[in-house]
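Q: Sharing a sequence plus its predicted fold:
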Amino acid sequence: MFQLLGLAVLRTALPAEGWFRLSVNRSKNHSVQVASGSGSDWCKPERVLLVRQQAFRSAISEDFAEIQGLAVAAGSQVVCHISAVRKIPHPATFLGSGKVLEITELVKKLAVDVVILDHNATPVQERNLEQAFHCRVIDRTRLILDIFALRARTSEGKLQVELAQLNHLATRLVRGWTHLERQRGGLGLRGPGETQLETDRRLIGRRIRTLGRKLEKVRLQRALRRNQRDRVPIPTVAIVGYTNAGKTTLFNALSGASGLVVDQLFATLDPMMRRLDISGYGPVIVSDTVGFISRLPHELVDAFHSTLEEVSGSQLLLHVIDLLDPEITERVEQVERVL
């Protein structure tokens, strides 16, 4: 059994240099904000428009911080975000016809490359929106998959991401779905994929089974290493928390490690472990884990398998909480539900 210890970490939230927001329109059922900013032109990140649709008008007050953070973590530039109210998503386009026309105009006016839905859409909805917007459309699941493909470093992490992407791709192999031809880079297009979306389902299924067998071998090896550690009476402390709460910063401060510390969601994907000698107590093993997030895509549940295994085998959980997070209560509850 493990103990859960909460630790609040106060961080200073600094906006990206040169960025500002300008309110350009507001009506009864929606609001639009345009973002602009300075940066190096050589990088040329893809320009994205964020869309959130809520069932009730009162929910519109929620900001776009998390989905914007995910978009930035994927290497894109957020130029606009728009919200709408609709109790039931349209079966063909997810959004209402008026909202589709409005976004179509914004896509053209702002030279948008990708429209990101802060929801999970069906293949038909994505295809119809792409035909209307004349640009790529990806949902929340594909955005998170893209970040994982960009950040995975270990062989296990890469296998998990590829498996998740192929499982997601398999649900997108529908008639008329032809826009995802393999390209170099591009938001929503990173990772394994295939040369064309019309890839035979049988080949994808075979690759999924192969990846499953490889992952099982990796997990058996990790279980063996964990059993070897258990033979040595050194307690384990797992640092847990919502994504971008400051876990790696704390891990580096405690252990002297040099894990990547950036103000981005999912900066850490693979668990890290270090031995720490505590004066007056003795040695402990401290592990840094991938952060949790709300509405985690089903395809990525297995990608958290290694983190959950490390957590379940720890004697103490150190829950890191960002006191500046406006959704602090929901973040804490989300992590504790998983644990």
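A: Right, received. Where do you want to start?
Q: For residue 90, list each beta-bridge partner.
A: Judged by DSSP bridges, the bridge partners of residue 90 are residue 94.
Q: Kindly provide the distance from it to residue 77.
A: Distance from residue 90 to residue 77, counting by C-beta to C-beta, to the nearest Å: 28 Å. Backbone N, C-alpha and C define where each C-beta goes, glycine included.
Q: Thought residue 48 was touching residue 111, still the case?
A: No. Residue 111 is not in contact with residue 48 according to C-beta atoms under 8 Å; the separation is 11.1 Å.
Q: which of those two has more neighbours?
A: residue 48 (28 against 9; other C-beta atoms under 10 Å).
Q: Tell me if that one really is in a helix.
A: No. Using DSSP: H, G, I helix; E, B strand; the rest coil, the secondary structure at residue 48 is strand, not a helix.
Q: My read is that it contacts residue 79, right?
A: Yes. Using C-beta under 8 Å, residue 48 makes contact with residue 79 at a distance of 6.9 Å.
Q: Which neighbours do those two have in common?
A: With contacts taken as C-beta atoms under 8 Å, 6 or more residues apart in numbering, residue 48 and residue 79 have residue 112 as neighbours in common.
Q: so what's residue 135 up against?
A: 107, 112, 113, 114, 115.
Q: Give the helix, strand or coil label for the last one.
A: Three states are possible here, and by three-state DSSP the one that applies to residue 115 is strand.
Q: Name the residues linked to the residue lying closest to residue 129 once chain neighbours are set aside by a beta bridge.
A: Nearest residue to residue 129, sequence neighbours excluded (C-beta to C-beta, 6 or more residues apart in numbering): residue 137, at 4.5 Å. Using DSSP bridges, the bridge partners assigned to residue 137 are residue 115.
Q: where along the protein do the strands fall?
A: 3-9, 20-26, 30-36, 47-54, 77-85, 114-117, 136-138, 236-241, 272-278, 282-288, 316-322 (DSSP state E).
Q: Would you mind putting the ones you listed into JSON lines with distance to residue 205 and mean pLDDT alongside?
A: JSON lines is the format used below for the strands of the chain (distance: least, C-beta to C-beta, whole Å; pLDDT from 0 to 100):
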{"stretch": "strand 3-9", "distance to residue 205": "40", "mean pLDDT": "50"}
{"stretch": "strand 20-26", "distance to residue 205": "45", "mean pLDDT": "31"}
{"stretch": "strand 30-36", "distance to residue 205": "41", "mean pLDDT": "44"}
{"stretch": "strand 47-54", "distance to residue 205": "32", "mean pLDDT": "92"}
{"stretch": "strand 77-85", "distance to residue 205": "36", "mean pLDDT": "90"}
{"stretch": "strand 114-117", "distance to residue 205": "27", "mean pLDDT": "95"}
{"stretch": "strand 136-138", "distance to residue 205": "23", "mean pLDDT": "93"}
{"stretch": "strand 236-241", "distance to residue 205": "35", "mean pLDDT": "87"}
{"stretch": "strand 272-278", "distance to residue 205": "34", "mean pLDDT": "84"}
{"stretch": "strand 282-288", "distance to residue 205": "35", "mean pLDDT": "86"}
{"stretch": "strand 316-322", "distance to residue 205": "38", "mean pLDDT": "89"}
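Q: pull the helix or strand with minimum mean pLDDT from this protein.
A: Ranked by mean pLDDT, DSSP states H and E, the weakest helix or strand in the chain is strand 20-26, scoring a mean of 31.
Q: Just give me the neighbour total for residue 294.
A: Here the number of neighbours of residue 294 (other C-beta under 10 Å) works out to 14.
Q: which non-adjacent residue is nearest residue 331?
A: Using C-beta to C-beta, 6+ apart, the closest residue to residue 331 is residue 242 (4.2 Å).
Q: partner residues bridging the one you found?
A: Those that pair with residue 242 in a beta bridge, by DSSP bridges, are residue 292.
Q: Could I get the contacting residues of it?
A: When contacts are counted by C-beta under 8 Å, 6+ apart, residue 242 touches 291, 292, 293, 321, 322, 325, 331, 332, 334, 335.
Q: All good on my end, thank you.
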